[in-house]
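S.K.: sequence below, structure please.
(chains A and B)
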Number of protein chains: 2
Amino acid sequence: MNTRKRQAAMLRAGVVSAANVALPPNPACVAGPGQQCAHALVDRELNQRLYEYEQRVRERFTRILETLKVLSSMRHQSDFVAKAQQLASMQLGYALPDHLLEDAWIAGLDLRALHAYCTFQSFHACVENAESDQQALRERSLLDPDFIRGCGFHTVDISPCADGRLQGLVPFIFRMAPNSAVTVKAYAGALFDIESDIADWTHRELLRLSDGLAPGSAEGNYLKIAVYHFSTSNPGHQGCAAHGSNDHQATEAALDRLKELRSAIDNIYGFGAAPDCLLIGVDTDIDAIRVHLPDAQGHLNVHRFVDSSQLYRDTLNMDSATARQHIASTVDQTQHMDGWGRGEGEMVAGMREFVIHLLEANLSQIEYVIQHHEGRYQVIGHNERFICVGEAMTELQLRNKFYFAHLDTVEEGANDMDVGIRIFTGLNIQHGLGVPVLIHFHYSSRVPGARERAIQRCQRVKNALASRYAHLQNNHQLFCQMAISDVHGSERGCFVEDVESECTVH
Amino acid sequence: MNTRKRQAAMLRAGVVSAANVALPPNPACVAGPGQQCAHALVDRELNQRLYEYEQRVRERFTRILETLKVLSSMRHQSDFVAKAQQLASMQLGYALPDHLLEDAWIAGLDLRALHAYCTFQSFHACVENAESDQQALRERSLLDPDFIRGCGFHTVDISPCADGRLQGLVPFIFRMAPNSAVTVKAYAGALFDIESDIADWTHRELLRLSDGLAPGSAEGNYLKIAVYHFSTSNPGHQGCAAHGSNDHQATEAALDRLKELRSAIDNIYGFGAAPDCLLIGVDTDIDAIRVHLPDAQGHLNVHRFVDSSQLYRDTLNMDSATARQHIASTVDQTQHMDGWGRGEGEMVAGMREFVIHLLEANLSQIEYVIQHHEGRYQVIGHNERFICVGEAMTELQLRNKFYFAHLDTVEEGANDMDVGIRIFTGLNIQHGLGVPVLIHFHYSSRVPGARERAIQRCQRVKNALASRYAHLQNNHQLFCQMAISDVHGSERGCFVEDVESECTVH
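M.R.: Sure, this is the predicted structure:
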């Protein structure tokens, strides 16, 4: 084990405290002798809470393979089922299905089925504990609902890439509180569906006009954010797979979608109707962001952006006030840049406020990665635990926990699913495991019949997956779990079994 | 040939004029000696124009099999290709693909491919000539856009069954002019998609609020009409296949959907937002309608309806004014009926006006069927020429010309497609022919990229059909033609070939 890894391991094991370890050089922070990477604008209390959240959630998944390994070695012991259940209950916090254990002494353990079962159960534990797990985050997130509304946005609709490395985007990288006005719809390559986005915008716009949004939203705008990503450590291989790890292509493609969305809505509902748009890039190695600045007309440009890792370095030794001043002036200088990045005039005041605070908030995440992940994630590539298709849940938001394809039908989302299956072929299938796929849709309990229709949609998607990936299905390598959530009530991530319409949680 | 058929044949051949033939007894009209079925409220000029339209369109399809039969018999003649092209051009008005003719002397004619090709070309001739074919109808339709707006409706969204016998619903049975405010979305059993309907309602509602609808629509409402159907001649077999020819079930199911739609929109956008709704039944043997009357709250009921064939009989010998008076009083008496049909209060004035005129307009269609189809269609069952999936075109609207499944994806519309394939198995496959499927979607040329996305959607649906009906695809029994239309411009029903994105019309 090299020094860096050992230090990290000691840190994780609690052998030494973070303050006693001289952190190794990293892209965002190169501290001189006696110096520390401790930025004046970083919220250390929030970082601590996020770290606890990360540890708690991560543990629910890392224990699965350890436990299964032990189970596998003891399957010939007498009284195996009882012992196995005892171990599972102690290590994982839930029981295993008896039928997967009873014949283990004859046929061996069905480790694929157990692995998928445990993955879904661990996911469910995250959902069940989300209220308490995330309470501390909600109270302290830097970009809270009031702030976002104050900047003039009633809705923030974020389309990152489906890549698992972006699934902690909202609470970690953007430092936004889980919030019903913030939605995440991920697509491979951030190539969001224009028609579906128009429908979402229309829905929120009509709610706004009929006073169905949060108070104070009547004058607000809809903000669409497209999020592309890249890897500074290994740009040719660990960037966006959907764009062949070509950063220029990833950036241009996301920008093109935003332009198409704006002109579609302007053309259908009249000039000026289009939502405000932001284009943001994430360096998934260190969670730093590039925020592209709109001009007075809302036009974006691939060259006109501010990079938060550069801001972190430039402002590291400043006091809060000076650092804030520097961020604001960097944003303003970038607004007036010449050459390829040139725009026409300054963005509106609310958008400027939003951008400046987003950049500042991200400094905390940069330092989070410095403190807890050695400045750069140890696994800079894929490491997802399952695939989620359908609609995202706010209850689980953590880097590399799942690959997320937002879709209504497999027919439309086939490309996003194919990318996910390709990733899991490397992660799981090559090691003998299967692919756990969580199919999740929302419904509104205020709408009669909506729950049954959400279940039907789950079932339809499940059938379509079994048909599209028949080779996996036939080889006992595809495991689907259906789940539904009420947007209003308390039923969240409730598991649905095939035939029944009653939710059953194991 | 029996008397009835001979008379009909003579009529069709123009050997005798309709006035000279004593029409046989039929459900809507039993004329005594010296009497005629000639109702004072029937628009004979419009009936004549519709009959000409029907003949013109029908001929484009009936000539296909006749022509192919001749072609088949002459395939060994020298100079076959030239002779075949001459015949096709004379009989059908278009050329055939040379490659389908050139090897006929060796391998025989590929009659399935030729039949599908001709069906699509004949469809295309309907689209190309729609402007002139339908001009006379547009000028004289009884329920024109001004009237509909005058009743307080800015949009009429009609969901009939996918059944081909209802595809002449708008211009024939309802006597409405082709009109951009009237949309038809057909589903097997009239079981329309609630979520998709909410999206359509939202779109129109937002257009209304942003003055994007026709002038005078700002105060209007959205009218949703669900249309079930039944067969009085053979109720157990020629009713709605999706409901096992069970009329009660067909009626209840359509009503349930309307209730679900209303409460969904009320619950999402606030009480009172829900669209106005009508439930209408069609007797597909004679094209008479049952209009179910909403009460003051807009509630519908399976028992509270007015039957147009009864109205026709009751008012046959009255003058116009008395007949109108009778229709109005029948509607009002029905509003106040007691027992199972009892409602709470009277419907609003605009709805009453609409219902009364719709019933009166349908009298013309009843007499149309008496005059031109012997009072009851000769083929009371299925006789469609092709399947249309995707979005309907106003350019072709005629009974039994096509089976129409409104869908975005085959994944969601699978049930509707399965019903269609089952019908065509009986109609075509059992006779050695294939199933021609037209895949059609709209786009807006004002929206950048929308045309390419419509083509992609066509291609996606085509692939999904080939995969779902692989047995037909592999047996050379499935023929798909993709087509797109601009909602604003002149590109209508333009054929798209597989790889190219340019439309090509043969």
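
S.K.: if I look at the residue nearest to the spatial centre of chain A, how far off is B:Y443?
M.R.: The centroid of chain A falls nearest to A:Q167 when counting by C-alpha atoms, centre = their mean (1.4 Å). In this view, A:Q167 and B:Y443 are 33 Å apart by C-beta to C-beta, to the nearest Å. All C-beta atoms are positioned from the backbone trio N, CA, C, and that covers glycine.

S.K.: how much space between the closest residue to A:A113 other than its chain neighbours and chain B?
M.R.: Take A:A113 and drop its neighbours on the chain: the residue closest to it by C-beta to C-beta, 6 or more residues apart in numbering or on different chains is A:L100, 5.7 Å away. According to C-beta to the nearest C-beta, to the nearest Å, A:L100 and chain B sit 31 Å apart.

S.K.: check A:I366 too.
M.R.: Per C-beta to the nearest C-beta, A:I366 is found 36 Å from chain B.

S.K.: same check on A:L433?
M.R.: A:L433 is 28 Å from chain B, by C-beta to the nearest C-beta.

S.K.: so that residue, which state does it fall into?
M.R.: At A:L433 the chain is in coil, as set by DSSP: H, G, I helix; E, B strand; the rest coil.

S.K.: contacting residues for it?
M.R.: For A:L433, the contact set (C-beta atoms under 8 Å, 6 or more residues apart in numbering or on different chains) comprises A:111-112, A:115.

S.K.: 7 Å instead, please
M.R.: Residues near A:L433 by C-beta atoms under 7 Å, 6 or more residues apart in numbering or on different chains: A:112, A:115.

S.K.: quick one: mean pLDDT over the host helix or strand of A:V306.
M.R.: Using DSSP states H and E, A:V306 falls within strand A:305-307. Averaging pLDDT along strand A:305-307 yields 98.

S.K.: report all helices and strands that it contacts.
M.R.: Contacts defined by 3 or more C-beta pairs under 7 Å, 6 or more residues apart in numbering or on different chains; DSSP states H and E place strand A:305-307 against strand A:288-292, helix A:320-335.

S.K.: mind listing the strands it pairs with, and their directions?
M.R.: Applying DSSP bridges, strand A:305-307 is found paired with strand A:288-292 (antiparallel).

S.K.: chain center to the strand it pairs with, what's the gap?
M.R.: 16 Å (C-alpha atoms, centre = their mean, to the nearest Å).

S.K.: just stretch A:190-210 next, same as before
M.R.: With C-alpha atoms, centre = their mean, you get 21 Å for stretch A:190-210.

S.K.: and what of stretch A:395-407?
M.R.: 5 Å.

S.K.: list of residues touching that stretch?
M.R.: With C-beta under 7 Å, 6+ apart, stretch A:395-407 has contacts from A:54, A:57, A:123, A:126-127, A:130, A:162-165, A:167-168, A:170-172, A:185-187, A:383-392, A:413, A:416-417, A:420, A:423, A:492-493.

S.K.: likewise stretch A:357-365?
M.R.: A:39, A:41-43, A:46-47, A:142-143, A:147, A:172-175, A:287-289, A:291, A:306, A:308, A:311-312, A:324, A:327.

S.K.: C-alpha coordinates for it, CSV please?
M.R.: Taking Å, rounded to 0.1, in the frame of the first residue of the first chain, the C-alpha atoms of stretch A:357-365 are listed here in CSV:
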residue,chain,number,x,y,z
HIS,A,357,-23.5,31.4,-5.2
LEU,A,358,-23.3,28.1,-7.1
LEU,A,359,-19.6,28.6,-7.7
GLU,A,360,-19.0,29.5,-4.1
ALA,A,361,-21.0,26.5,-2.9
ASN,A,362,-19.0,24.2,-5.0
LEU,A,363,-15.8,25.2,-3.2
SER,A,364,-17.1,23.2,-0.3
GLN,A,365,-17.4,20.2,-2.4
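
S.K.: any residues of the stretch 151-300 of chain A in contact with chain B? List them.
M.R.: Proximity of the stretch 151-300 of chain A to chain B, by C-beta under 7 Å from any C-beta of the partner chain, involves residues A:194-195, A:199, A:202-203, A:205-207, A:209-210, A:212, A:260, A:263-264, A:267-270.

S.K.: which among those count as buried?
M.R.: Among these, those classed as buried by 16 or more other C-beta atoms under 10 Å in any protein chain shown are A:194-195, A:199, A:202-203, A:205-207, A:210, A:260, A:263-264, A:267-269.

S.K.: where helices are concerned, which of those residues count?
M.R.: Counted as lying in helices by DSSP state H, out of those, are A:194-195, A:199, A:202-203, A:205-207, A:260, A:263-264, A:267-269.

S.K.: buried deepest among the helices and strands packed on strand A:305-307, which one?
M.R.: The highest mean neighbour count among the helices and strands packed on strand A:305-307, using mean count of other C-beta atoms under 10 Å in any protein chain shown, belongs to strand A:288-292: a mean of 24.

S.K.: quick one: average pLDDT of the strand or helix carrying A:V282?
M.R.: Assigned by DSSP H and E, A:V282 belongs to strand A:276-283. What strand A:276-283 shows for mean pLDDT is 98.

S.K.: and what of stretch A:147-157?
M.R.: Mean per-residue pLDDT for stretch A:147-157: 95.

S.K.: next: stretch A:444-454.
M.R.: Rounded mean pLDDT across stretch A:444-454 is 91.

S.K.: repeat for stretch A:162-182
M.R.: Mean predicted confidence for stretch A:162-182 is 92.

S.K.: export it as PDB, just CAs?
M.R.: Below are the C-alpha coordinates for stretch A:162-182, written out as PDB (Å, rounded to 0.1, in the frame of the first residue of the first chain):
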ATOM      1  CA  ALA A 162     -26.900   9.100 -16.800                       C
ATOM      2  CA  ASP A 163     -23.400   8.300 -15.600                       C
ATOM      3  CA  GLY A 164     -23.300   7.200 -11.900                       C
ATOM      4  CA  ARG A 165     -20.500   9.700 -11.100                       C
ATOM      5  CA  LEU A 166     -23.100  12.500 -11.400                       C
ATOM      6  CA  GLN A 167     -25.700  11.000  -9.200                       C
ATOM      7  CA  GLY A 168     -24.600  13.000  -6.200                       C
ATOM      8  CA  LEU A 169     -24.900  16.200  -8.200                       C
ATOM      9  CA  VAL A 170     -27.600  18.000  -6.300                       C
ATOM     10  CA  PRO A 171     -26.600  17.700  -2.600                       C
ATOM     11  CA  PHE A 172     -22.900  17.400  -3.100                       C
ATOM     12  CA  ILE A 173     -21.600  19.200  -6.200                       C
ATOM     13  CA  PHE A 174     -24.300  21.800  -6.400                       C
ATOM     14  CA  ARG A 175     -25.000  21.900  -2.600                       C
ATOM     15  CA  MET A 176     -28.700  22.200  -3.200                       C
ATOM     16  CA  ALA A 177     -31.300  21.000  -0.600                       C
ATOM     17  CA  PRO A 178     -33.500  18.100  -1.700                       C
ATOM     18  CA  ASN A 179     -36.600  20.100  -2.800                       C
ATOM     19  CA  SER A 180     -39.700  19.500  -4.800                       C
ATOM     20  CA  ALA A 181     -38.900  22.400  -7.100                       C
ATOM     21  CA  VAL A 182     -35.700  20.700  -8.200                       C
END
